[in-house]
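>>> quick one, structure for this:
(chains A and B)
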Amino acid sequence: MSDSMAMRRSVFDGMTPIRVEGKVTAASLPFAARFVFRGDAKAAAACSKAFGVTLPKTILQAASEDGRSALSLGPDEWLLIARDGEEAGIVAKIEKALAKIPHALVDVCHRNTAFTVTGAQAEALLASGCPLDLHETAFPVGMATRTLFAKADVILWRTGTNAFRVELWRSFVPFVWGILAEASRDF
Amino acid sequence: MLLIPCPHCGPRPEIEFRYAGEAHVARAADPGAVNDQDWAEYLYFRSNPKGIHFERWRHVSGCARFFNCVRDTVSDKILTTYPAGEKKPDLGTLMKEAGR
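Here you go, the predicted structure:
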């Protein structure tokens, strides 16, 4: 186990950072524990207690508490994010609390990775590949949704007026990063 | 770009969606009792109308849910969308609401 952990390498290793001084920065985030949770309202309520963050009932919303986050991606689907290394504890706790409630809990922490896009031009940089209206009136702080960036499925979460978190499959990173780097030359 | 109103997420660009064929095509409760002709019609025959069409869509790059949509195949105008599993809406009422 320790040997395989020592081999774990970030997909961002060796990639050129995206940084346009005073305008926009895209930076990778450290490893994290991630799960996809699916179930009905009863399962979500039980999971909220076990996970420590109230899973948003409204679709396309994100909630955070004490370093943990829950994003409602669909009417019965949530993405749970916590600190790296907390996986086993979270699984044990949720499985215990939901032993008799039908649900699905899938560990996706080695499939997903994430980066942030921050700065006054964050919205514009993401708009280079995303078809959604990213203006704050249409995509307010706290909103999170799966969408497309060019041809890659990504989860977009607005954490601040000028700050986004992008969650995506690690294999999509070179493609997405390449387009972002190219688009950042416009600023 | 066409905006498709997902019943869960609201209006979203069409490239987030995938078409999934005609809606309300019911599988026989007892497939063993169905003759070859009816089975073939269930599997392969679709209404393919020029005009109002009840169809399934999937918001694959969004909430990832299947839902039903009533669309005019001539103008691409969408009369309504509703979650999968809901009753087929009455076409007369829909047309009246759309002012047609």
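
>>> now the end-to-end length of stretch A:122-131.
Criterion CA to CA, to the nearest Å; first-to-last residue distance in stretch A:122-131 is 15 Å.

>>> what comes up buried for it?
In terms of neighbour count (16 or more other CB atoms under 10 Å in any protein chain shown), stretch A:122-131 has its buried residues at A:Ala122, A:Glu123, A:Ala124, A:Leu125, A:Leu126, A:Gly129, A:Cys130, A:Pro131. (Glycine included, C-beta is placed from N, CA and C.)

>>> run the chain-centre distance for it.
Between the centre of stretch A:122-131 and the centre of its host chain there is 17 Å, according to CA atoms, centre = their mean, to the nearest Å.

>>> can you list contacts of it?
For stretch A:122-131, the surrounding residues in contact (CB atoms under 8 Å, 6 or more residues apart in numbering or on different chains) are A:24, A:26, A:117, A:119, A:134-136, A:147-150, A:154, A:156, A:162-164, A:166, A:176, A:179-180, A:183-184, A:186-187, B:1, B:13, B:15-16.

>>> buried ones among these?
With burial judged by 16+ other CB under 10 Å, the buried subset of the contacts of stretch A:122-131 is A:24, A:26, A:117, A:119, A:134, A:147-150, A:154, A:156, A:162, A:164, A:166, A:176, A:179-180, A:183-184, B:13, B:16.

>>> which stretches of chain A form strands?
Counting by DSSP state E, the segments of chain A that form strands are A:18-20, A:24-28, A:32-38, A:62-65, A:68-74, A:77-83, A:104-107, A:112-118, A:144-149, A:152-160, A:163-169.

>>> want to try CSV for those, with mean pLDDT and distance to chain B as columns?
Converted to CSV, those look like this (pLDDT from 0 to 100; distance: least, CB to the nearest CB, whole Å):
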stretch, mean pLDDT, distance to chain B
strand A:18-20, 96, 23
strand A:24-28, 97, 21
strand A:32-38, 98, 10
strand A:62-65, 97, 15
strand A:68-74, 97, 4
strand A:77-83, 98, 7
strand A:104-107, 98, 13
strand A:112-118, 97, 15
strand A:144-149, 97, 5
strand A:152-160, 98, 5
strand A:163-169, 98, 12
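
>>> Throw these into a markdown table and include distance to B:Ala29, thanks.
Below are the strands of chain A laid out as a markdown table (distance: least, CB to CB, whole Å):
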| stretch | distance to B:Ala29 |
| --- | --- |
| strand A:18-20 | 57 |
| strand A:24-28 | 53 |
| strand A:32-38 | 28 |
| strand A:62-65 | 43 |
| strand A:68-74 | 30 |
| strand A:77-83 | 30 |
| strand A:104-107 | 29 |
| strand A:112-118 | 42 |
| strand A:144-149 | 36 |
| strand A:152-160 | 37 |
| strand A:163-169 | 40 |
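
>>> to A:Ala92, which of those lies closest?
When the strands of chain A are compared by CB to CB, strand A:104-107 sits nearest A:Ala92, at 10.9 Å.

>>> picking that back up, looking at the strands of chain A, which is closest to B:Lys96?
strand A:68-74 (32.1 Å).

>>> contacting residues around the closest one?
So strand A:68-74 is in contact with A:48, A:51-64, A:78-83, A:144-146, A:155, A:157, B:8, B:62-65, going by CB under 8 Å, 6+ apart.

>>> likewise stretch B:31-38?
By CB under 8 Å, 6+ apart, the list of residues contacting stretch B:31-38 from outside reads B:Ala28, B:Trp39, B:Tyr42.

>>> against chain B, how distant is A:Arg185?
Taking CB to the nearest CB, to the nearest Å as the measure, A:Arg185 and chain B are separated by 25 Å.

>>> let me fix that: A:Ala41
Noted for A:Ala41: a distance of 15 Å to chain B, by CB to the nearest CB.

>>> what do you get for A:His103?
17 Å.

>>> cool, and A:Leu125?
Using CB to the nearest CB, A:Leu125 is found at 18 Å from chain B.

>>> that residue - nearest residue in space that isn't next to it in sequence?
On the basis of CB to CB, 6 or more residues apart in numbering or on different chains, the spatially nearest residue to A:Leu125 that is not a chain neighbour turns out to be A:Val24, at 4.9 Å.

>>> residues contacting that neighbour?
A:Val24 makes contact with A:Ile18, A:Val117, A:Thr118, A:Gly119, A:Ala120, A:Gln121, A:Ala122, A:Ala124, A:Leu125, A:Ser184, A:Phe187 under the criterion CB under 8 Å, 6+ apart.

>>> repeat that with 6 Å
When contacts are counted by CB atoms under 6 Å, 6 or more residues apart in numbering or on different chains, A:Val24 touches A:Gly119, A:Gln121, A:Ala122, A:Leu125.
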